[in-house]
Structure formats: C-alpha cells, structure tokens
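Novice: Prediction below, plus the sequence it came from.
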Amino acid sequence: MQNIYDLVVIGGGISSSAFISNILKQGFKGTIAVIEAGRGLGGRCSTRYPNEDRKLALNHGCPIINVENSLKNSLLDNFIKELLDKNFIRSLDNSFFNLDENYKFSNVNDNYFYSGDVYTSTSNMSKLVENLFNLYNAENKIDFYFQTLIIKLNFKSELWNITSNKNKEFTGRFLVCSSNLLLHKRSIDILNVKEVPLREAIAKKNDIKIDEVIDKTNKQEYIKRINFLIFTKKNYNLEGIFNKEIVHFIFHKNLQKYIGFERIIIQKQFDKSLGIVIHTRNIDFLQNKYDMEDERILYQYVLNKLNSFLIKNKITFKNLLLSDISRMNWRASQPIGEGIPERLQLCKEYNIGFCGDWIQLEGYGSAAGAVLSGLNLSNKFIEYY
C-alpha cells in the first residue's frame, strides 16, 4: 500500500525550509515529504560547486538575505535571531555599487533588495536551507525526493494525489506549494500539460478562495534570466573599495542594453580565487547577438565584456583566467506585479497552503519575504492542523 504522508511540500527552497522548521519547532509530529525538481536543496538560494574542488561554492541565486523589516515583525526578527544564535548566518558588510547609464559609480541606495540589515550563510546558501530543514528534524520525519518534477494534482476523498513527470506518485493529507508553478499559466508550456495542475484538481467555482488565488497568481509575471557562473584561477585580488567578501555591481537599465548584464556578483573564495555570477535579464540581446547553442563563442563574449568592465573600473588589474564557466537558465527568478494576499495562504476546505516570495508580505520578491511567508503559513497551519 502506498505511504500516505501527513504533509507534502513541493519545493525545497528557503520558504519551505522556514515553514517546516517552524512547524517542527511547534511540535508537529506528522510525516513529511519534500519534493524538489532540482538536484538538491536551495531553490532561489542554490549553490554551485565546481567538480574539481567541492570546497569552492558559488551562491548563484541569492547570496544574501537583506531584512528591512520596517514593520518590526516579531516573527521574522525572532527567526533571524535564532539563525544568528545557531551560527547559521552572520552579518555581512554589504558592498554594492550602482552604475548609471554613463558607466559612473553611484553611492545612492534606492534599491529595495540592498537595504536594511544584510546577512549571509556561515557556509553557503544551500547549506543554510539544509540546516533549516534539519534544525528540528531529530526524529527524521522528512523524506526528500530530488529531481522530481510534479506535473499533476488530484484532490479526492480528502487526500492529495500527486504525480511526477516520471509517473512517481505521492499521497498527502495536506499540500503546500512553495512555488506557484502549479498554479500559473506558464506551467502549461514548462510542464507540457493541457491544464494548470491546480485548476485541473479543483474546478472553477468549487471554491472562492482557490479561484481567487489562481486568478491573482496568473496576473503575476516573471523575470527570466540567464546566469553565467564563473570560477577563476587562484590569486585574484579585488582592489581598494571593492576588496570585500561579496560585491554586487548593479547596472542601469540603459547600460544593460549595451553590456547585456543586469548584475555582477563577485564572491571571494577560500583559496584566493573568485566566484562570479553574471545575471542577464536582456535575453533577446544575447540571443540576437550570438547563437546561444555555440557556448564557446558565447562564453568568450561574456568573458571579454567582464574583463573590460573589471579592468576599466580598476576592480582588478589583470584579465581573469577561468577554471570553470557555465550558464543556468532561470525560468522564473522573480515575481513582477501584485503579490498574493496573506489571507489566501491557507485554504482549509482543500487542505492546501502556499508560501514563497510571491506572497504579498514585507520583503515581497526577496529571500526575506520568502522566509516570512513560510513562517506566516507555519503558524496558520499549526493552528488549523
């Protein structure tokens, strides 16, 4: 007989880890399945390791958690304090530089995603997510399933029946979606299905709350990005004011059209090499200029642009020698538009909840917002369950 989980969580990122950590802390005793499409934990807080040295780590999604918390949310404050006490995170001297359309550095901080208190993992961001999942998991209540892409949902007899693209089936009494892919119209193309999975599971007009959350979700759009992930050879120094552990360079939108980069994030490694993430948002620029399948030419273009930027601005004084370069396509890296109201996070009638950076809470669209959504849902879940 197939195992029935008390709780099935789709997505192994920072919002679901905060959710599970907090329900276990509050005494939840049920069985849990975490289903993740990727090869490991992390989601937007994923980490890449080069094959030749697993001690090197490049946080290629979100290398920091910035907490503005202007509303003084005690739930978020207490959570951050616990992570500091557990030595899971530490404060970071946040170094970022805006570049205006004339290639000039600006010290004006008008970027929401770089304001407030800034923290980073004491190890790496994927490890932080793993630590959160395991913080109160002393009884090993969590089963993890990786490289498992869910494409079909069905709700029948008070149970969720969940099917992957490889026909692996799961059954759960309560379902949490930490990604909204299964609610969003983009799922039709990405998952190669005929209907949005949650809409197929719960027909329209069966539940007002589900209708509203699906409707509002489908009004959101998503930024698609191509990230280039770079590890250099050893002995590269960042000069002067740039000599920080993590440095962000954010390009003006008009400058992005010329250089093709949205952001460059440099992360110093333990062996005096550099890990570099280049975020590109102007995908059409790259597609029109280069054959995206010819990686050799594409990577050389990226490297030339990167070296020119670094040396021209005296960030380093010699061309980078690479030990590894790869690219990653983000299908939906950041929500655009109004978030899903907090009141829609839990639907008791269908035993389903939602969390992630797409929920309209303080920090919407950021890692801190994802964390807060998970914590918020955890309290609703404990009260209900």
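Specialist: That came through, no problem. Numbers count the residues shown, from 1 in each chain.
Novice: So which elements touch the strand or helix carrying I226?
Specialist: When elements are defined using DSSP states H and E, I226 is found to belong to strand 221-232. Taking 3 or more Cβ pairs under 8 Å, 6 or more residues apart in numbering; DSSP states H and E as the contact definition, the neighbouring helices and strands of strand 221-232 are strand 274-280, helix 283-289, helix 295-312, strand 322-336. Placement of C-beta: from N, CA and C, glycine included.
Novice: Off-centre distance for stretch 316-331?
Specialist: 20 Å (Cα atoms, centre = their mean, to the nearest Å).
Novice: And for that stretch, what's in contact with it?
Specialist: Outside of stretch 316-331, the residues that reach it under the criterion Cβ atoms under 8 Å, 6 or more residues apart in numbering are 48, 50-52, 60-61, 186, 190, 222-233, 236-239, 273-274, 276, 295, 298-299, 302-303, 306-307, 310-311.
Novice: So the closest residue to P335 other than its chain neighbours versus T217, what's the distance?
Specialist: Spatially, and ignoring its direct neighbours in sequence, P335 is nearest to W358 (4.5 Å; Cβ to Cβ, 6 or more residues apart in numbering). Spatial separation of W358 from T217 under the definition Cβ to Cβ, to the nearest Å is 7 Å.
Novice: Verify the contact between Y49 and H60 for me.
Specialist: No: in terms of Cβ atoms under 8 Å, Y49 does not count as a neighbour of H60; the distance is 10.5 Å.
Novice: Between those two, which is the more surrounded one?
Specialist: Between Y49 and H60, counting by other Cβ atoms under 10 Å, H60 is the more crowded of the two (28 against 17).
Novice: about what we covered before: G40: which of the helices and strands packed on strand 221-232 is closest?
Specialist: Between G40 and the helices and strands packed on strand 221-232, the tightest spacing by Cβ to Cβ is seen for strand 322-336, at 13.6 Å.
Novice: The next helix-or-strand element following the closest one pairs with which strands, parallel or anti?
Specialist: Next in sequence after strand 322-336, counting helices and strands by DSSP H and E, comes strand 346-347. Based on DSSP bridges, the strands next to strand 346-347 in the sheet, each with its direction, are strand 352-354 (antiparallel).
Novice: Can you give me the buried ones in the partner strand?
Specialist: Of all the residues in strand 352-354, those buried under the rule 16 or more other Cβ atoms under 10 Å are 352-354.
Novice: From these, pick the one nearest G42.
Specialist: F354 (19.5 Å).
Novice: My read is that the closest one contacts I340, right?
Specialist: Yes: under the criterion of Cβ under 8 Å, F354 makes contact with I340 at 6.6 Å.
Novice: any common contacting residues for those two?
Specialist: Common contacts of F354 and I340 (Cβ under 8 Å, 6+ apart): 180, 213.
Novice: show me what contacts S178?
Specialist: The contact partners of S178, taken as Cβ under 8 Å, 6+ apart, are 9-11, 13, 15-16, 19, 43, 354-356, 374.
Novice: redo that, cut-off 7 Å
Specialist: If you count contacts by Cβ atoms under 7 Å, 6 or more residues apart in numbering, S178 has them with 9-11, 13, 15-16, 355-356.
Novice: Inside helices: which ones of the residues you listed?
Specialist: Using DSSP state H, the subset of the contacts of S178 located in helices is 15-16.
Novice: By neighbour count, which of the contacts of S178 wins?
Specialist: In terms of neighbour count, C355 stands highest of the contacts of S178 at 34 neighbours, by other Cβ under 10 Å.
Novice: Next, give phi and psi for that one.
Specialist: The phi and psi torsions at C355 (degrees, to the nearest 10) take the values phi -150, psi 160.
Novice: where along the stretch 51-200 of the chain do the helices fall?
Specialist: 74-85, 125-134, 187-190, 197-201 (DSSP state H, counting those that start in this stretch).
Novice: would CSV of these with distance to K253 and mean neighbour count be doable?
Specialist: Compiled in CSV, the helices of the stretch 51-200 of the chain are given as follows (distance: least, Cβ to Cβ, whole Å; neighbours: other Cβ atoms under 10 Å):
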stretch, distance to K253, mean neighbour count
helix 74-85, 30, 15
helix 125-134, 27, 23
helix 187-190, 27, 14
helix 197-201, 34, 20
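Novice: want to throw these into TSV with mean pLDDT and distance to D143?
Specialist: What follows is the helices of the stretch 51-200 of the chain, written out as TSV (pLDDT from 0 to 100; distance: least, Cβ to Cβ, whole Å):
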stretch	mean pLDDT	distance to D143
helix 74-85	95	24
helix 125-134	97	11
helix 187-190	94	24
helix 197-201	98	21
